[in-house]
Structures are given as structure tokens and as C-alpha cells.
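> just a sequence and a predicted model for now, questions to come.
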Amino acid sequence: MTDYKKLGLKAGIEIHQQLDTTEKLFCRCPTCLRETAERTGEFHRYLRATESELGEIDRAAREEMKLVRKFCYYTYDTVCLVEHDEEPPAPMNPEALEVCLTIAKMLEMTPVEQVHTMRKLVIDGSNTSGFQRTALVALSGALPGGCRVETICLEEEAAQRVEDETFSLDRLGIPLVEITTAPCMHTPEAVQEVAAHIGMVLRSTGRVKRGLGTIRQDINVSIADGARVEIKGVQDLDLIAEVVRREVERQTNLLAIRGELRARNARVDHTVVDVTALFAGTKSSILKKAKAVLAVRLCGFAGLVGKEIQPGRRLGSEMSDYAKKCGVGGIFHTDELPAYGVTAEEVAHLREFVGAAEEDCVVIVAAGRERAGCAAEQVMIRAEMALSGVPEETRKMLEEGSTAYMRPLPGAARMYPETDVFEVAIGEELWESIKIPELLTDRAERFVREFGLDEGLARQVAFSERLALFEKAVAAGVRPTLAARTLLGTCRELARGGVGVGRVTEEEILALLSAVEAGRAAKEAIPDLLTELARTAGSAGAPGERVDAAIEAMGPAVSQADVEEIVRRIVAEREAFAREKGMGALGPLMGVVMQELRGSVDGKVISETLRRELQRLLS
Amino acid sequence: MERLETGDLVRYANGGTALTGTYIAERDGMAVVKLESGYNIGTSLEKIEFVERPARQPPACAGVVVQNSDLPDLAIISTGGTIASRVDYRTGAVMSQFSASDILRAIPELGDIARYRDRQIASILSENMQPALWRELARAIYDEIRAGVSGVIVTHGTDTMAYSAAAIRFMLKTPVPVVFVGSQRSADRPSSDNAMNALCSAAVATGDLGEVTVVMHATTNDDRCAVHRATRVRKMHTSRRDAFQSMGMEPLGYVDYPSLSVTLSDEAVRRGTEEPELHDNLEERCALLHFYPGMPSSVLDAFEGYAGLVISGTGLGHVATAWIPKLQEMIEDGTMVVMTSQCLHGRVCDRVYNTGRDLLSAGVVEGEDMLPEAALVKQMWVLGNEPDPERARTLMQTDLAGEIRRRSIL
């Protein structure tokens, strides 16, 4: 059992949640996502970091500039010149601000008096302008367990990366709230719990986007003597604790490696050796096709570069991540060689050529001369960092919860005012007018209390995207259990079976449930009726008419007289069986009748009719 | 407590938390504070408290950039349009850069094209431009040409860049390229069109051209700039990068980016065709009037005593019939009235409808296919240099600097 307190674990989270507003944050475009195949055009741009007053380019920005990059953008009929960075922004969307203030109030935060929009430098291509517009809206909120929310910001979503340097503009500009907690969590589980709580608060507003990619968590982790590391884009809530565990493991292992390196008096030899000729006849296709193969000698590093620091990750993986910033595919190091077509003999030659002793590790990079040189430089930089411990970094999550290096932590000096957007005052009147919605957890409890739903179903309904429809149905007089089971059970099962229930409108579902409650259709017929509505989705008619047509199509209406006649006939045909079993025949005969009526009559009606008929026969 | 100054460290208390930040300014009774996180917020003054005044740091000494003396000399003359800027992230201030060293630090690739000397004649928003400054600019360019530069780059705000470029074209004969350049998206943003426009303008300024041009983005892509003739270019969009368009003709050429290879059409005047000459007289008592339906003719009273008036008329070149007597009176009193069209595309012809014929009888000069703005600066120049009214009228209808196309083509 890891003692996180002893390790000095400190963690905080940043949650980014897209808001479900009608329009984007700084233009009037809809907030809908598109398929890339629907794009109406492409254009491309270069980004360049502007020099700051200090004569410095932000270190995160500088890292991005290592490669001269041309960015390509996909455009759609749902984006405008603002996303193209061809028009100044519109004023801040008041709807988005209102949702943001609602969340702030739910978290017991204090709003600033005047919101100023800033430009935050981002030159990875995900913003056409080269900056992200962001505004600090409120400060200092409360979380269960005594943790604090530091800030809530309202900002614009970045463009979605399609691949490499290609981005899709549909997502750019969708309003987003960024909630930042203090580094006040001390166990991996606490991080996950806080994330779950904030997620629940966000969804309680009913005004946030749902589905994959609409909420992202960044996690800040450090341990004593380690360093602050920011892990980006953890989308799966259930992985959060694991990500924290693995980061603690990584930092612990890096500190152990540092200890070992220091004990060995390890150092980095800063001469890059050209070893291209050594691999002239190699069987390794990567080395063979490279214009240049360069080697770096890491004195005293043997065995440590290949040491695992996290499941699936070694110190060598970290060096490789740094090298990749120069556009190379990766690195080779002698801790893992011979392998990949490199022979033991070649390794021996390599060691000899660069003068590596047994305790040294040799790293080689293969690429065009310039890229290889850049990569060798990066390997030395990362190796030096290993001597001082854990570098401060921004990392990205890999599958399963391990992480890879993305870029250095951004410096603080990368924001300046967005002069094209006026500041917005948050007066007392506005703040007072913000209503706090019921928390989903409270709502689930109320569903148990008021509707008699069992706890599991109540929670499922409360947290479901169908919550609003459920409440509408109940208000329209539909029994809560029927509404809940239909919306969560039946619909899901049908969808799993390949029925396009998503195409059935909410109004139609509502009309269907009302028809069932009015006795115009049996509840057993709901799956068939939904299937029929899905099949004919999009055809003309008011929801009520469409539902009536579906009921019609599923079979002619069966009257109580018809039911009685059918029941009488079936009982008569099986009279001997009925007499033998007595009332025990009810169950088996029920099945026979149901099959004949194929769900067009409520089971309760059938069972009552059948019971009466049996009683008549047996009396 | 003393009065707060920009850069002062302050404590900001709000809702039970206290944060430190940097005081930026007071605006409309609210203090703007930059918090340590980098965010600015607006707060009432009583919520902040002075902590200390950090020792003023001397401005970062950037030093002079050493230039390659083997490259051709270019003059960069700035009037206020920014092609380079610097951001102070401590206060959020954006400062325009004018010296050659500062520009080269911001756009280092410029150093591979030429050696630069800088000259700043103004630092204004281009809507504040004045004919007097056009004259000063013309003299400055002329001096640089006489001093032997291979080309001149003029940085200019985009709003009135086309007016200035046309004005220079009429005042100056030049053997070398004179290139106006600006940016549509501010130079502080990483996506700004400033660097590409500047690099393309330097490529044109060192190229085989001998006239005054505007070089700006040709498309929304960062792929090429168009080279426009000064007297036929117009800003046709409020915000897009490719706002500048050649009107009634193809651009004189293109510069591919990032290769910076320049392609010029046969029509472009080549380097060395003209000898340097400066005729910088301008008659400033000239005006441009945009006619609209119902515009009262009494508006014309404001231009009484003017030497010239250019009208941007409707369609083929019309104003309301009711205007004609007043115009005739003005012309008889010595005002030269030139008709151009709001259509911007196409040629004025006042011989088709009665109104037009009456305008001609009243003495109005058909402005051919001149852009209204180009016609205005041409009129200032013509009236500033040609005292004889008849000859001046003839000059207005003669192509002097590429402002009139002899033929209208599809």
C-alpha cells in the first residue's frame, strides 16, 4: 500500500466543460459539431510567437516553434469569419456568462465585479488566432471534504485536431467553463471524488454539453521533492485515480533514478558523435534509410535508461518524447539493443566508436541531419533533467493511464488583454437573479421520495440525458416508473438491438407514453411502437398523429369485447387442461392469449379477463 | 497611501480570499488588476490595497541587430501602421515597433532579403492621415531614392492606405519599387498577416519593379500576396486579410509565400523606367461627395469656393436633376467637378440619360473608370500643378499614373 501522505502527494484538477448554449462565446455561430466530410473548404496559415517585452518568447510557445508548422483548417457552413480569424469577436455571449455564473453560485464562489477577456497565447494551431480568449469570472468556492475551488473562467473551446497539423473549426469558439481547484487533494481517490462531484454540479444545470469530449479533466500532481506535472485531457472519470497513482509512481521512480545517477557520478557527454558510417550495412531499415545517425553518450546511465518508471514507460521513453519534438520518429538506446534489426556486433562497434564504458548508455537518433541534430540535443537536455530529478511538464494521457511528455509547463507570462471585447460588469442585480438549480443527487433522492422509484433507477434517471423528458412525461401524468423504464430501459435495449430510437423525437415519445396511460395502447406494445416510430421517423404528422398511426399499423384496435371473445375461445379449446390445473392454468394460458394479441392489449386487462373466465368455468 | 501607479503590487480582497496582483490602471472608476495567474479583473478601488512599488526595471536592452551589408538597401518608412509589435505581459500593453532593429527582431527572416534603414515620419491611425503628411511622405521617399536605396517600404494603417499610395504615385516618379504594406489582423497576435505581408513587400521592394504599389494578402490563406497598382487598389473588406483588391484590372503580380518568389505581369512598370522626380504640390481645397437619394443640394454649399469636387454618383454617374443648376453655378465660379461612380466597377458615361447629358452641359467632367478616391487625390495633384482650368480638365481625363484604363475588359 502506497502511503501517499508520506510521499507528500498534492493534487488539483482543472475541469473543462462545454456549455450547451445556442451560440458560440464570441460569435453568433451555432455550437454544433460537424463531420469532417461535411466541410465546405480548407485554408492554411502559419503562426508565429510574438516577442514579449522581456525579449522572451514563452517557453511553451518556443517549444511549439521548434518545427516550422503550417496549419490547415477545415471550414463549414456553420462557422463564420470570427473562427477564421478574419473578423473581430462579437461581444461575450450573455447566455454563456449566465450559465457560468450559475455554476459559480452553485460552488459558492464570489464573482469579480468586472470580467475582462484575455488572450492566452496558444500556438499549437488549435486556435486560428494563436490565442485562446478566456476570462476570469469568479473566485474561491467550496467543495465537499474541505477542498477549495480557486477560480472559474469562461473561455472559448479550441479547434478539434483532425490529424497532425489539420484542425476542424466547428468546435472552435464553443463556450467552455474552466474550474480550477486548489492543490488540496492528497490521495488518488480524493481526486476522482472531487472530479465526480464537480461533474455532477455541472450536469445539474442542465445547460452543459453531454457526451464524449464535452468534459475534460486536467490533473496537477506533485510529490515531495518531485515536480508539478500537468496531465492533460483525461476524459474518463474512472481513470483519474489510476492516472494519479501512475504519476506518483513515475515521480518516485525518477527520484530513485536520480539517486542512483548521483551515486554513480553520472554525467552527460555533450559531444554529439556522427556514427552514420557505422551503420552503412545495417539490417535496421530505420537506420539504413536515415541520412544521418548521431550518437550521444550518457556516462553512468547504463541500465537506467531502460528502467521502467510507469507501466509501459521507461526513462528512454521520456527521452524519445523530447526527441520527437524535432520531428524524428524516436530513439534507440543501448539498454534495449541489440534489437530492431541492430546486431550485437553493431552495438559493440558503436560503443567502441563513441568510447562508451560498460556503465555508459549510448543513445542514437536517425533522421535528416538537421532533425537528428535537434533530436540529439533534446536527448541531452532530458538526460540532464534526469540528474536533477523530475522536470515540470505538461503531459498527455495514454491509454490505461500512463502519460507521455507534451511540452514544458507554460510560464505565467502569456496573457494580455483582448482589446476587441468590452469588459462585462457583474452587478448585484445580475448575481441575485441567478437561480441555483437542484443538484442531481438531491433530485435522485426526491424521485425516491416522491415517485417511489428505487434508488438505482432514480439515480439513473437523474443523471441521464433524458432527465428533462422524464420530468415532462411525469408532469403530463405518465407513471414515473413507466416513464423511467421506457426512457432508460426500453430505449437503450432497442438501440442496442439496432433500432434507431434516436430518431424518434421527444414529443413522439411523450405522446406514446400518454397513449399508453390513456389505455389506447398496451405497455407491452411500447417496444414495437417505438420500433415502428423509428422506422417511419421523419415522416409528416404531429407527434400524436404519428403515434396513432403506429398503433394502427401494429394491429387493429382490440376492444374489451374482442378480448373476452378470444379468451373464451382459448379457454374453451383447452377446457380439459384448465379443469385439471384449476386456477394454476392462468399462467400458461396467459402466454397463449398474449401471443395471439401480440402486445396490443395491456397484460393486466388480459390477466383479469382470463381470471374471470377461468373462475366462471371452474365455479 | 500614494496614488497607485501602473506596476504597483496590490492586494485584492474579494469574498474572503486575498490575492496579490499588479495594478494596471483606473478606468471608469474601476481599478484594473492583473492577478498572478495572468488574468485581468476589474474591481472597485476599495477592494485593493497597495503593497509595494517594485523597483522599476530598466527596459530590456535589446541591442542592435547586425545586418548583412552584401544585401540591397531598403528604406522602411513608417507612418503608424504596425508591421511589428511587442507585448508586455506584465501589464498587457502592446507596443508598436518602428526601428529597423526592432522590426528585424520580430521578423528575423527580413534580414535575409535586404539591409534596412528606418525612418518614422508619423505615428498615427490612418484615419487621421492628412494631405500635408502625404507630401511629407513623398519628400521622404524621394530623399531615400536619391540616397540610392533599392526600394522603399512604407508601413501604413490599412484604412486609408489606398489614398496615400495613390497620392504618392501622382507626386512621385520613381525608378525603384515603392511598396505600401500593412496588416489587417493586429501584429501582436501569432496569426497576424504582418510578417508575411512584410516579407512579401521586401521581396517586391528588391525586385524588378518601378512603380508605387500596395502589397497585401491575396487570399485568406498564408500562401501569396498580391501586388496592386497604387491608383487602382481599394480596401474592399473591413477585416479580412485579402481586403485589398485591384479594381478593373488584374493585380500587377504575386509573391508566393514562403518561397517569396515574385511574378510580375507585363503591365507592371519595370525598375529604372522612370527617373526620380518630385512634384509635391497639392490643392487641398478638394472634396469627395457620396451622393444618396434625397440628398439636398444645399450640401453643396459647404464646398463653395473649393477648387475641386469629386462626386461619387449613382450608376453611370448621376446625381438628382435638382442638383444640376447648383453644380453649374459652382463650375462657373471656378470649381472643377468630376463625376465618378459608386458602382466602383465600370466606367462613367453621362451621355446615355438626360440627367447625364445635362450634367455634361453644366460642365461636369466624366471621371472615366477612376476610383472615386483615386480621382480625389488626382484632382488635388492636378489642381496643385496645372493652373490652366482647361488643361486641368484634360489632365483629369488623361491616364497619368495608371489610374484610368483605356479599355474596360471582362
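Now that the structure is in, tell me what you want to look at. The structure displayed is predicted, hence computed values, not measured ones. Residues are numbered from 1 along each chain as shown, chains lettered A, B, ... in the order given.
> residue of the stretch 201-350 of chain A with the smallest distance to chain B?
The stretch 201-350 of chain A approaches chain B most closely through A:Asn220 (13.5 Å), counting by CB to the nearest CB. Using the backbone N, CA and C atoms, a C-beta is placed for each residue, glycine as well.
> centroid residue for the chain?
Picking chain A for this. Taking CA atoms, centre = their mean, the centroid of chain A lies closest to A:Gln235, which sits 3.0 Å from it.
> not quite, I wanted chain B
Chain B has B:Met161 as the residue nearest its centroid, 1.6 Å off, counting by CA atoms, centre = their mean.
> isn't it up against B:Val214?
Yes - the criterion here is CB atoms under 8 Å, and B:Met161 meets it with B:Val214 at 6.2 Å.
> output the below-cut-off pLDDT ranges for the stretch 301-450 of chain A.
By pLDDT under 70, the low-scoring segments of the stretch 301-450 of chain A are A:411-413.
> all strands for it, in order.
Applying DSSP state E, counting those that start in this stretch to the stretch 301-450 of chain A gives strands spanning A:308-310, A:313-314, A:332-333, A:361-367, A:393-397, A:403-408, A:415-417, A:424-425.
> could you say what helices and strands the longest one packs with?
Counting by 3 or more CB pairs under 8 Å, 6 or more residues apart in numbering or on different chains; DSSP states H and E, the packing neighbours recorded for strand A:361-367 are helix A:285-289, strand A:292-299, helix A:315-324, strand A:332-333, helix A:344-354, helix A:369-388.
> what does the fifth one give?
When contacts are defined as 3+ CB pairs under 8 Å, 6+ apart, strand A:393-397 packs onto strand A:229-234, strand A:403-408.
> common neighbours of B:Met161 and B:Val214, please.
Residues touching both B:Met161 and B:Val214 by CB atoms under 8 Å, 6 or more residues apart in numbering or on different chains: B:180, B:244.
> longest strand anywhere in the chain?
The chain I'm using is chain A. Determined from DSSP state E, the single longest strand within chain A is strand A:131-142.
> should've been chain B
Chain B, longest strand under DSSP E: strand B:17-27.
> pLDDT (mean, whole number) over the helix or strand just after it?
On the C-terminal side of strand B:17-27, the closest following helix or strand by DSSP states H and E is strand B:30-35. For strand B:30-35, mean pLDDT rounds to 93.
> adjacent strands (with direction) for strand B:30-35?
According to DSSP bridges, strand B:30-35 has the following sheet partners: strand B:17-27 (antiparallel), strand B:40-44 (antiparallel).
> mean confidence score for the last one?
Confidence for strand B:40-44, expressed as mean pLDDT, is 94.
> ok, then the element right after it?
Reading on from strand B:40-44 to the C-terminus, the next helix or strand found by DSSP H and E is strand B:48-52.
> neighbouring contacts of that following strand?
So strand B:48-52 is contacted by B:1-2, B:4, B:8-13, B:20-21, B:23, B:31, B:33 (CB under 8 Å, 6+ apart).
> at 10 Å instead, please
Contacts to strand B:48-52, defined as CB atoms under 10 Å, 6 or more residues apart in numbering or on different chains, come from residues B:1-5, B:8-14, B:18-21, B:23, B:31, B:33.
> C-alpha coordinates for that strand, CSV please?
Only the C-alpha atoms of strand B:48-52 are listed here, as CSV (Å, rounded to 0.1, in the frame of the first residue of the first chain):
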residue,chain,number,x,y,z
ILE,B,48,-7.4,46.7,-3.4
GLU,B,49,-4.6,47.8,-1.2
PHE,B,50,-1.2,49.0,-2.0
VAL,B,51,1.6,46.5,-1.1
GLU,B,52,4.7,47.8,-2.6
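> get me the contact residues on the stretch 401-550 of chain A for chain B.
A:410-420, A:423-426 (CB under 10 Å from any CB of the partner chain).
> in what element of secondary structure is A:Cys32 found?
Per DSSP H and E, there is no helix or strand for A:Cys32.
> gap between it and chain B?
23 Å (CB to the nearest CB, to the nearest Å).
> likewise A:Ser514?
48 Å.
> any idea how many residues pack against that residue?
Other residues near A:Ser514 come to 18 when the count uses other CB atoms under 10 Å in any protein chain shown.
> cool, and A:Ile570?
17.
> pretty sure it is touching A:Leu617, no?
No - contact status for A:Ile570 versus A:Leu617: not in contact, 11.5 Å apart, counting by CB atoms under 10 Å.
> please enumerate the shared neighbours of these two.
When contacts are counted by CB under 10 Å, 6+ apart, A:Ile570 and A:Leu617 have A:Ala578 as shared neighbours.
> assign the residue of the stretch 201-350 of chain A closest to chain B to helix, strand or coil.
In terms of secondary structure, A:Asn220 is strand; the call rests on DSSP: H, G, I helix; E, B strand; the rest coil.
> which SS class is the nearest residue to it once chain neighbours are set aside?
Leaving out its chain neighbours, the residue that sits closest to A:Asn220 by CB to CB, 6 or more residues apart in numbering or on different chains is A:Gly12, at 4.5 Å. Three-state assignment for A:Gly12 (three-state DSSP): strand.
> if I look at A:Gly12, how far off is A:Gly226?
14 Å (CB to CB, to the nearest Å).
> so where's chain B shaky on pLDDT?
Looking at chain B by pLDDT under 70, you get B:1-2, B:57-63, B:89-92.
> helices or strands next to the helix or strand harbouring A:Arg161 in the packing?
Here A:Arg161 sits within strand A:160-163, counting by DSSP H and E. Here strand A:160-163 touches strand A:70-75, strand A:166-168, going by 3 or more CB pairs under 10 Å, 6 or more residues apart in numbering or on different chains; DSSP states H and E.
> between those, which one is closest to B:Val94.
strand A:70-75 (23.3 Å; CB to CB).
> give the next helix or strand downstream of that closest one.
With DSSP H and E, the next secondary element past strand A:70-75 is helix A:94-106.
> so which elements touch that following helix?
strand A:10-18, strand A:110-111, strand A:114-115, strand A:131-142, strand A:148-156, strand A:175-181, helix A:188-204, helix A:428-433.
> could those be laid out in CSV, adding mean neighbour count?
Listed next are these as CSV, based on neighbours: other CB atoms under 10 Å in any protein chain shown:
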stretch, mean neighbour count
strand A:10-18, 22
strand A:110-111, 20
strand A:114-115, 23
strand A:131-142, 23
strand A:148-156, 24
strand A:175-181, 24
helix A:188-204, 20
helix A:428-433, 11
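> adding distance to B:Arg56, write the ones you listed out as TSV.
Formatted as TSV, the helices and strands packed on helix A:94-106 follow (distance: least, CB to CB, whole Å):
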stretch	distance to B:Arg56
strand A:10-18	35
strand A:110-111	33
strand A:114-115	27
strand A:131-142	27
strand A:148-156	30
strand A:175-181	32
helix A:188-204	42
helix A:428-433	38
